[in-house]
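Undergrad: Predicted model, plus sequence, below.
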There are 2 protein chains.
Amino acid sequence: MSQGNKTLRIAVDAMGGDYAPSEVIKGAIDAAQQGDIEIILVGPMAILQTELAKYDVSNLPVKCLNADEFVKEGEPPALVLRQKRNASIIIATKLVKAGEVDAVVSAGPTGAVVACALTILGSTEGMERPVVGGPMLGFSPNTVVMDYGGNVDCKPYHLLSFAVVGSAYAKKLLHIPNPTVALLSVGSEEGKGNELVKESFPLFKKSGLNFIGNVEGNDLVAGKANVIVCDGFVGNTLLKFVEGLGGAIVQWLKVSLNGRLPDAEVDKLKQDLLAKMVGADLVGGAPLLGVNGVAMVMHGRSQALQFTRAITQTKVVVESGIVDAINSELAVVKRQLDCAKN
Amino acid sequence: MSQGNKTLRIAVDAMGGDYAPSEVIKGAIDAAQQGDIEIILVGPMAILQTELAKYDVSNLPVKCLNADEFVKEGEPPALVLRQKRNASIIIATKLVKAGEVDAVVSAGPTGAVVACALTILGSTEGMERPVVGGPMLGFSPNTVVMDYGGNVDCKPYHLLSFAVVGSAYAKKLLHIPNPTVALLSVGSEEGKGNELVKESFPLFKKSGLNFIGNVEGNDLVAGKANVIVCDGFVGNTLLKFVEGLGGAIVQWLKVSLNGRLPDAEVDKLKQDLLAKMVGADLVGGAPLLGVNGVAMVMHGRSQALQFTRAITQTKVVVESGIVDAINSELAVVKRQLDCAKN
């Protein structure tokens, strides 16, 4: 897989997302214009060509690869894998596996994207399912929250693997040399928390990670640790909560400042506040971590701007070497993970 | 217990909280001045008298009751109950049990307040431990979140009892006749969620409650249901998260608007925003629900204003008849709770 300052090849699932294919392709073209990225759009050739005809891409590194089918919202991922072998997300992910591209980007149904990554790329040794995480708030840009993907029922060894992945994320993507790691709980003292946290605490203590103990909900905002670990039920709920809250507060700000400051200043303040609140959304997408390759998942409602950002971020993720880092860091705690599992 | 528009008697743990006894007593006196409330301050008599000497309370319904001891932060509640029989919170709670007061208010260590309520007042039939909940956000004032107290490891029948309590809260304190009830989850469809939510769903469906299914984190802000049920780990984390976020956003607002609007207007906006974000904090305290009597728990860091508000809110809670309502509503689902338990 490519590393360093060379052109990366990124497969984009042109049929994934609520605004596919038009917004996907618009965003991909914008990303290609920024240089150092070659885009392979994957989808039904006729549709791709109709969309591409709207732009002058003659001098851009944008290619097309045919995929007859695509996945619709609500289709069971297992069924997709068995019955839609020519779906755009499957063909795009296979390009990563074959080493023909460095990464895949999709705003298609998350379940299907995860299932493809897991089945086609395979999970990193030590992981059962990929995790999704990263800085959740602009207020605490150096705090990675793991997991806010879908790992809802966790055992202590799952949380430990999330911590390892989060630690690699903080090192490779946030450039923090020795990231502090904490468990999210309802009290800071050892012994406070639910069964999962209480059982995870001793495991974390002897993990070799830079574990600083439990933190609480408010500490997510204060950025009290570089990696804050929780199960995917808690993390996903927090992520959606802050997204909803961000929208409501921006709306409140608009109404409250209307007529008191010039519109342009109010708009600027709204953008500033959103950037403080919603970390991941502004980047556009998040890498699925714990699979053998780079697969970026995006919000279904992503538009061109988010696709451009996600593709640009994909380049950063690939070049960071985080996939290899996760592999080698998981190997260090492998024995401990195995013991905790059995 | 008193109902209707008569003078209520409220026992106040004068030694509970980071700013006890001075702020407790100041706040209690302010509450007494508003009328219709008689205050019984509980604590070491010499301390109470020294504090009271700072005010002219000759015409106010403020009395003192001696309690030689008090509970310090970090003392194990079980030990307190065995070894500190003359602690202010114990004596104050016993006044409720004896029918000598209508309610007890304390900002002492929550664990001790809960243990006293549970041991002295007893839990409502159908409840194992009291819950704490209420509107979490000013953005969604008609949405009760249960539990944000400390019930961290829950079974489906616990969640059902929280739903019943939340429903009684919405009826009696928010005056919503037929409150909608939802489970907090990571997806709105039936079958989405962790084991706890998935097992609770069918139980909720046949409960007779006005159950509308699953809602997600953003729906807490949008107020998609009148009662949103989660375990106390999730609820407590969300509560602390929004408290932290409220503080950070208010600080951001202050810095961002500094010099662009008059100070008084910025202050007003800060207050408005806090009121939108932090529901419970502004009231001052929350009732422990699921015990046979009214016991209000408060933040340890409460100051006079919060004590005044909590005492005033206590009057509302007592007069609402919520304790009786919880009793009778739990009786309706009793058979279902018993079946789910076994």
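TA: Nice, thanks for sending it over. Numbers count the residues shown, from 1 in each chain, chains lettered A, B, ... in the order given.
Undergrad: Sticking with the most centrally placed residue in chain A, tell me its helix or strand.
TA: The residue lying closest to the centre of chain A (CA atoms, centre = their mean) is A:Ala286, at 1.6 Å. A:Ala286 is part of strand A:285-287, with elements assigned from DSSP states H and E.
Undergrad: contacts for that strand?
TA: Residues outside strand A:285-287 that contact it (CB atoms under 8 Å, 6 or more residues apart in numbering or on different chains): A:105, A:107, A:132-134, A:280, A:294-299, A:302, A:306, A:309-310, A:313-314, A:317, A:322. Where you see a C-beta, it was placed from the backbone N, CA and C, and this is true even at glycine.
Undergrad: Name the strands paired with the following helix or strand past it and say parallel or antiparallel.
TA: Using DSSP H and E, the helix or strand that follows strand A:285-287 towards the C-terminus is strand A:294-298. Each strand paired with strand A:294-298, and its direction, by DSSP bridges: strand A:103-106 (parallel), strand A:285-287 (antiparallel).
Undergrad: so which of the ones you listed is the most packed in?
TA: Stretch with highest mean neighbour count among the strands paired with strand A:294-298: strand A:103-106 (a mean of 31; mean count of other CB atoms under 10 Å in any protein chain shown).
Undergrad: Which positions within the helix or strand following that one qualify as buried?
TA: Once the chain leaves strand A:103-106, the next helix or strand it forms, by DSSP H and E, is helix A:110-116. For helix A:110-116, a neighbour-count test (16 or more other CB atoms under 10 Å in any protein chain shown) marks A:110-116 as buried.
Undergrad: Wait, A:Val291 touches A:Ala117, no?
TA: Yes - with contacts counted by CB atoms under 8 Å, A:Val291 reaches A:Ala117, the gap being 4.6 Å.
Undergrad: Worst mean pLDDT among the strands paired with strand A:294-298?
TA: Of all these, the minimum mean pLDDT falls on strand A:285-287 (a mean of 88).
Undergrad: How far off centre is it?
TA: Averaging C-alpha positions (CA atoms, centre = their mean, to the nearest Å) puts strand A:285-287 2 Å from its chain's average.
Undergrad: ditto for stretch A:64-74
TA: With CA atoms, centre = their mean, you get 21 Å for stretch A:64-74.
Undergrad: Let me see the residues that make contact with it.
TA: Outside stretch A:64-74, the residues that touch it by CB under 8 Å, 6+ apart are A:11, A:13, A:15-16, A:20, A:40-45, A:48-49, A:52, A:80, A:84, A:86-92, A:95, A:108-109, A:112, A:300.
Undergrad: how about the nearest residue to A:Gly235, chain neighbours excluded?
TA: A:Tyr148 (3.5 Å; CB to CB, 6 or more residues apart in numbering or on different chains).
Undergrad: Now do that neighbour: how many residues are near it, please.
TA: A total of 25 residues lie near A:Tyr148 under the criterion other CB atoms under 10 Å in any protein chain shown.
Undergrad: quick one: it from B:Gly217, how far?
TA: The gap separating A:Tyr148 from B:Gly217 is 10 Å, by CB to CB, to the nearest Å.
Undergrad: Find residues that contact each of the two.
TA: Here A:Tyr148 and B:Gly217 share the contacting residues A:236, A:238-239, scored by CB under 8 Å, 6+ apart.
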